[in-house]
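Visitor: Any chance you can model this:
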Amino acid sequence: MKVNKPSRSAGIIAAHRAIESLKPQDQRICYDPYAAMILPPGFTVVGEHDISPETALELFKGRVPGFHEHFLARTRYIDEYLQHFIKNNLEQLVILGAGYDSRPYRFPELNNTIPIFEVDYPATQEYKIEKLKEVLKTFPSNVNHVSIDFLEDNLPTVLIEKGYRKNLKTLFIWEGVTMYIDEKAVDKTLSFISSNEGEGSAVIFDFTYADVIEGKSEIFEAKEWFKIASESDEPLAFGIEKGKIEDFLRERGFHNIECITDEYFKSHYFTGCNEGMKSTPILSLVHAVVGE
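Guide: Predicted coordinates:
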């Protein structure tokens with residue numbers, strides 16, 4: 001991505017949450033009341049455009065089927081996973097590549113108690129802070145905004161300078177990032193996470209598969225996504241071989257590994273009035289606990 005301007009993909013993902021959050025409570029998959037407030041005027045799920053949000057969403061669904069549904073289900077699952085940790089003595093929260101994540105502001109259980117570190121590129125973070133200042137009277141005192149150039153800065157050093165403590169039970173949320181960075185960067189980040197000494201610490205992140213980022217998948221949306229990404233400033237860079245995520249994380253010092261696929265979303269979230277919704281099979285979530 002271009003580090004001198006806010007991430008376009010962060011805005012697109014927020015636009016998906018914003019349009020879903022307009023639905024009645026009993027119909028929506030996820031809820032993020034801040035998403036629409038953060039977006040610039042005219043920003044839709046296909047970027048800045050003068051068409052309506054509804055028309056933009058239909059265009060998006062036609063281009064990459066199942067992505068919208070995945071984004072919504074991903075948000076909800078991570079929200080629920082975070083809630084589980086809050087109820088089980090979470091001591092610290094680190095959001096890597098935070099983008100327009102609003103969890104520090106929409107979970108009242110976190111306010112002014114649990115230390116939170118939002119880590120992102122300066123341009124994206126500065127824009128987000130500016131927008132939040134228009135919405136919030138004051139920032140929660142427990143939120144630390146950590147600006148970092150992932151190519152130049154040392155993540156542990158920068159975090160520790162901001163008050164991060166490696167002996168606390170920590171949840172690392174890493175949403176919408178791994179597919180856009182190379183394997184070396186993924187390994188470096190996972191190595192830092194696995195060095196956390198807080199008992200019960202864990203990471204949750206999403207990923208795609210190796211054949212997708214190599215342009216070899218025959219699935220329609222995989223071909224389209226590969227093409228879109230290749231023509232953008234955020235090309236696809238990292239994927240996991242199918243069936244190998246458990247081995248991949250175990251080799252890097254994690255256990256209690258659970259992979260969440262489109263089948264989970266279908267059986268748990270796409271029910272009732274949302275029955276028939278379908279998430280793409282080329283994106284999955286995984287969470288794992290630090291330690292052997």
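Visitor: neighbours around N4, how many?
Guide: Applying other CB atoms under 10 Å, we find 8 residues neighbouring N4. The C-beta positions use only the backbone N, C-alpha and C, and glycine is treated the same way.
Visitor: again, but for W225
Guide: Applying other CB under 10 Å, we find 24 residues neighbouring W225.
Visitor: And for the one 5 residues further on?
Guide: If you count neighbours by other CB under 10 Å, S230 ends up with 11.
Visitor: how about the nearest residue to it, chain neighbours excluded?
Guide: Among residues not flanking S230 along the chain, L236 sits closest, at 7.5 Å (CB to CB, 6 or more residues apart in numbering).
Visitor: Equivalent analysis for N256, please.
Guide: For N256, the spatially nearest residue (CB to CB, 6+ apart) is V289, at 4.2 Å.
Visitor: likewise R250?
Guide: Here the nearest residue to R250 in space, its sequence neighbours aside, is I257; by CB to CB, 6+ apart that works out to 6.7 Å.
Visitor: what about the lowest-mean-pLDDT helix or strand in the chain, distance to the chain center?
Guide: Least confident helix or strand, the chain: strand 47-48 with a mean of 88, by mean pLDDT, DSSP states H and E. In terms of CA atoms, centre = their mean, to the nearest Å, the centre of strand 47-48 is found 19 Å from the chain centre.
Visitor: rewinding a little: ok, the residue nearest to R250 - contacts?
Guide: When the contact criterion is CB atoms under 8 Å, 6 or more residues apart in numbering, the partners of I257 are 245-246, 249-250, 286-288.
Visitor: what does E224 give?
Guide: In this structure, E224 makes contact with 63-64, judged by CB under 8 Å, 6+ apart.
Visitor: go with 10 Å
Guide: Neighbouring residues of E224 by CB atoms under 10 Å, 6 or more residues apart in numbering: 62-65, 67.
Visitor: circling back to that earlier point, contact partners for the residue nearest to S230?
Guide: Counting by CB under 10 Å, 6+ apart, L236 touches 179-180, 208, 212-215, 222, 225-226, 228-230.
Visitor: List only those of those flagged as buried.
Guide: Neighbour counting by 16 or more other CB atoms under 10 Å classes 179-180, 208, 212-213, 222, 225-226, 229 among the contacts of L236 as buried.
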